[in-house]
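Undergrad: everything below, folded, please.
(chains A and B)
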Amino acid sequence: MMATVTSLAGDRDVAAGVEAVFRAEYRSLLRLARLLVDDVGSAEEVVQDAFVALHRGWDRARDPVAFVRTCVVNGARGRLRRRATARRHPFAGAVQDASPEVDPVVLDEDRRAVATALRALPDRQRECLALRYYADLSEAEIAGTLGISAGSVKTHIHRGTAALARRLEDLR
Amino acid sequence: MSTEQQIRDALRSVADDGPDPDVDAAWAQLQHRLRDTAAPRRGRWVLVAGAALAAAAALVFVTTRPDTEQSVDVGVADGSDASQPDDRTHQSAVGVPITLPADPVAVLAPEGGAVHVMDPATGQRVGTIQDSGGGRAIDAVATPAGDVFVLLQGDEPMLARARWDGGDLEHFVGWPGASAAGLAIHPGGRLAAVGQLGTDGRSAIALVDVQSAAVRELRWPAGDPRGELHQPQELSFSPDGSQLAFVNVHDSDGTEGFDAYVVDVDATDLGAARQISNAGWEDTWNRIGDVTFAPSSIGGIVAVTRLDDSKPQVRFVEGGPDVGLPTLNGVLSVQASAEHLLARTEDAWYALHPADDAWRLIGFEDWTG
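TA: The predicted structure is shown next:
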């Protein structure tokens, strides 16, 4: 009986912890996800999935915000790759995750141009730029989030910055 | 205005566009999802990664999470029923299992930077290999003779080795300024292969003589875009040791692509590497008996490339993981147990015996653990 009481109390603690992180971080994570997947619906799903993962992994998440941020980046990358795979295999009719890449209703012309330029970057460059210049993470934090070395982060930011600046200049 | 500031403004213009999100509504939606998936959070097992442990006649499972690759329990299952790991499994660790020549099994624990040696009979940790210099273990493999080779990430990537049953970790090759990932040991134990990306932005596979520490590098020809930005990953020697398989990552259409290649170990560069799959990820070679498999994706159907002799031959296997498309991000993997090829999708496990022409569903994945 004591074990049951302890378990239920633990579940309440987890729910309260997840809610606190959700209310503090949802907006910024949703915006980060929008940079990574572009369309609002996918971004919302990515963030929801990330918090489901946080709920399940709460006991093991030493830094819940870092944990859920990593889930968002990985989830966004997974969606983009599934779309890319779907484009390469047009006969796969049962693809459930082949949503359009940009919601044409949401973005005005200038923002759509920026989104297009951002989308044209390789995954890692886009992730590094979003985490550095939007989420304001340090290179070490980005390395931890993406599971790559700080040197690779520096390389991706350098190349991504140059490529994005070039594309933005071309769009003007 | 600086370029960085222009990019900050551009990113914010996209991210912050649109109405302020309704946090209360989103929280209510999340609560609904959590209720739908509610289940006991403890005492359930999730089968995610499998490794052969023929000596102990058991399968060793390590649970991990597809979304973060950070989690954590080691399990042992009776090989007769892979869907029901027994409850001898208790030890927390993180990462991938490594098959050792004796009963204990080593488990790489990237979070703690250590390699744990587990006793599958009890589920208890019987030893830990850790770098006294503070290097973080990012990959590890064992030789048939019982040496454990560990790829460390500290101030620089470094290859080190130790005996699994004790002794200090010995550093013997480093790559200043490079990044490294992917480690394989030749079946004869004479070579270690490490994927790396140098400070010049070019990738290479370093073949290290484990006795002399001499290094020979296999590089893509100058100017070949396949040699840019990403180090070769998922290195694996062929069962006879004459070839090396690896996954090469490339950037195209704004997304990363994954191609599996095979190159002769005696080649002078990677220019002669043969592409065997357009969907290489996780394990590149799996051998069961005399049959070697590699994961492949053709026409959107999960298939297996059967490698006979030097010519890859695609063998479609009926009844396999019906996911429509292979899912990346570590969600689909194909691995070998002692007698079966195991395939994991987002929600199920499948097994294939080399003598069979069809996959067998062996259990559904349950993320409640």
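
Undergrad: and B:W175, how close does it get to chain A?
TA: Here B:W175 is placed at a distance of 11 Å from chain A (C-beta to the nearest C-beta, to the nearest Å). Where C-beta positions appear, they are placed from N, C-alpha and C, glycine not excepted.

Undergrad: just give me the neighbour total for the closest residue to that residue other than its chain neighbours.
TA: Spatial nearest neighbour of B:W175, chain neighbours left out: B:P157 (4.8 Å); criterion: C-beta to C-beta, 6 or more residues apart in numbering or on different chains. The number of residues packed near B:P157 is 28, by other C-beta atoms under 10 Å in any protein chain shown.

Undergrad: over to the one 3 residues further on?
TA: In terms of burial, B:A160 registers 22 neighbours under the definition other C-beta under 10 Å.

Undergrad: separation between it and chain A?
TA: From B:A160 across to chain A, the span is 17 Å (C-beta to the nearest C-beta).

Undergrad: doesn't that residue lie inside a helix?
TA: No - counting by DSSP: H, G, I helix; E, B strand; the rest coil, B:A160 is not found in a helix; it is strand.

Undergrad: I figured it hits B:D147, correct?
TA: No - here B:A160 does not reach B:D147: they are 10.6 Å apart, not a contact under C-beta atoms under 8 Å.

Undergrad: looking at chain A, which helix or strand is least sure?
TA: helix A:64-88 (a mean of 69; mean pLDDT, DSSP states H and E).

Undergrad: quick one: the residue nearest to B:W175 and B:H171 touch, right?
TA: No - taking C-beta under 8 Å as the definition, B:P157 is not a contact partner of B:H171, at 10.9 Å.

Undergrad: what sits against A:A135?
TA: Residues counted as contacts of A:A135 (C-beta atoms under 8 Å, 6 or more residues apart in numbering or on different chains) are A:28, A:32, A:69.

Undergrad: now with 7 Å?
TA: A:L32 (C-beta atoms under 7 Å, 6 or more residues apart in numbering or on different chains).

Undergrad: pLDDT score for it?
TA: pLDDT recorded at A:A135 is 86.

Undergrad: could you do B:S2 as well?
TA: Predicted confidence (pLDDT) for B:S2: 75.

Undergrad: same check, this time on B:P187
TA: Reported pLDDT for B:P187: 78.

Undergrad: now it, nearest residue through space, not along the chain?
TA: B:G241 (4.6 Å).

Undergrad: that neighbour reaches B:H186, doesn't it?
TA: Yes - between B:G241 and B:H186 there is a contact under C-beta atoms under 7 Å: 5.1 Å.

Undergrad: please identify which of the two sits among more neighbours.
TA: Between B:G241 and B:H186, B:H186 has the larger neighbour count (other C-beta under 10 Å), namely 20 against 15.

Undergrad: measure A:A163 to chain B for me?
TA: Taken as C-beta to the nearest C-beta, the span from A:A163 to chain B is 10 Å.

Undergrad: which residue packs closest to that residue, ignoring adjacent ones?
TA: Here the residue nearest A:A163, using C-beta to C-beta, 6+ apart, is A:L121, at 6.0 Å.

Undergrad: please export the C-alpha coordinates of the one helix or strand A:V153 maps to as CSV.
TA: Secondary-structure assignment from DSSP states H and E places A:V153 in helix A:150-171. Output of helix A:150-171 as CSV, limited to C-alpha atoms (Å, rounded to 0.1, in the frame of the first residue of the first chain):
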residue,chain,number,x,y,z
ALA,A,150,31.6,22.3,-30.4
GLY,A,151,34.0,22.5,-33.3
SER,A,152,31.2,21.2,-35.6
VAL,A,153,28.8,23.7,-34.2
LYS,A,154,31.3,26.5,-35.0
THR,A,155,31.7,25.2,-38.6
HIS,A,156,28.0,25.0,-39.1
ILE,A,157,27.3,28.4,-37.8
HIS,A,158,30.1,29.9,-39.8
ARG,A,159,28.9,28.3,-43.0
GLY,A,160,25.2,28.8,-42.3
THR,A,161,25.7,32.5,-41.5
ALA,A,162,27.5,33.0,-44.8
ALA,A,163,25.0,31.0,-46.8
LEU,A,164,21.9,32.7,-45.2
ALA,A,165,23.4,36.2,-45.5
ARG,A,166,24.1,35.5,-49.2
ARG,A,167,20.6,34.2,-49.8
LEU,A,168,19.0,37.0,-48.0
GLU,A,169,21.1,39.5,-50.1
ASP,A,170,19.9,37.7,-53.3
LEU,A,171,16.3,38.1,-52.2
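
Undergrad: for the record, mean pLDDT for it?
TA: 80.

Undergrad: immediately after the strand or helix carrying A:R112, which helix or strand?
TA: Using DSSP H and E, A:R112 sits in helix A:109-119. Going down the chain from helix A:109-119, the next helix or strand is helix A:123-129, by DSSP H and E.

Undergrad: ok so, going back, distance from the helix holding A:R112 to the middle of the chain?
TA: Its chain's C-alpha centre and that of helix A:109-119 lie 18 Å apart, by C-alpha atoms, centre = their mean, to the nearest Å.

Undergrad: counting contacts, what elements does it pack onto?
TA: helix A:150-171, helix B:3-15 (3 or more C-beta pairs under 7 Å, 6 or more residues apart in numbering or on different chains; DSSP states H and E).

Undergrad: state the mean pLDDT of it.
TA: Mean per-residue pLDDT for helix A:109-119: 75.

Undergrad: tell me which residues of it are tucked away?
TA: Across helix A:109-119, burial judged by 16 or more other C-beta atoms under 10 Å in any protein chain shown covers A:111-119.

Undergrad: angle of that helix against helix B:3-15?
TA: Counting by axes from the mean of the first three to the mean of the last three C-alpha atoms, to 10 degrees, helix A:109-119 lies at 110 degrees to helix B:3-15.

Undergrad: surely B:A193 touches B:L235?
TA: Yes - the criterion here is C-beta under 7 Å, and B:A193 meets it with B:L235 at 4.8 Å.

Undergrad: list residues touching both of those two?
TA: With C-beta under 7 Å, 6+ apart, B:A193 and B:L235 have common neighbours B:184, B:205, B:244.

Undergrad: other SSEs contacting the helix or strand containing A:A50?
TA: Following DSSP H and E, one finds A:A50 within helix A:40-56. Counting contacts by 3+ C-beta pairs under 7 Å, 6+ apart, helix A:40-56 packs against helix A:2-37, helix A:64-88, helix B:23-36.

Undergrad: tell me which of the ones you listed sits nearest to B:A272.
TA: Closest to B:A272 of the helices and strands packed on helix A:40-56, according to C-beta to C-beta: helix A:64-88, at 25.5 Å.

Undergrad: give me the low-pLDDT residue ranges for the stretch 51-200 of chain B?
TA: Applying pLDDT under 70 to the stretch 51-200 of chain B picks out residues B:51-114, B:116-127, B:144, B:164-167.

Undergrad: mind running it again at 80?
TA: B:51-130, B:133-147, B:153-155, B:163-168, B:177, B:181-182, B:187, B:199 (pLDDT under 80).
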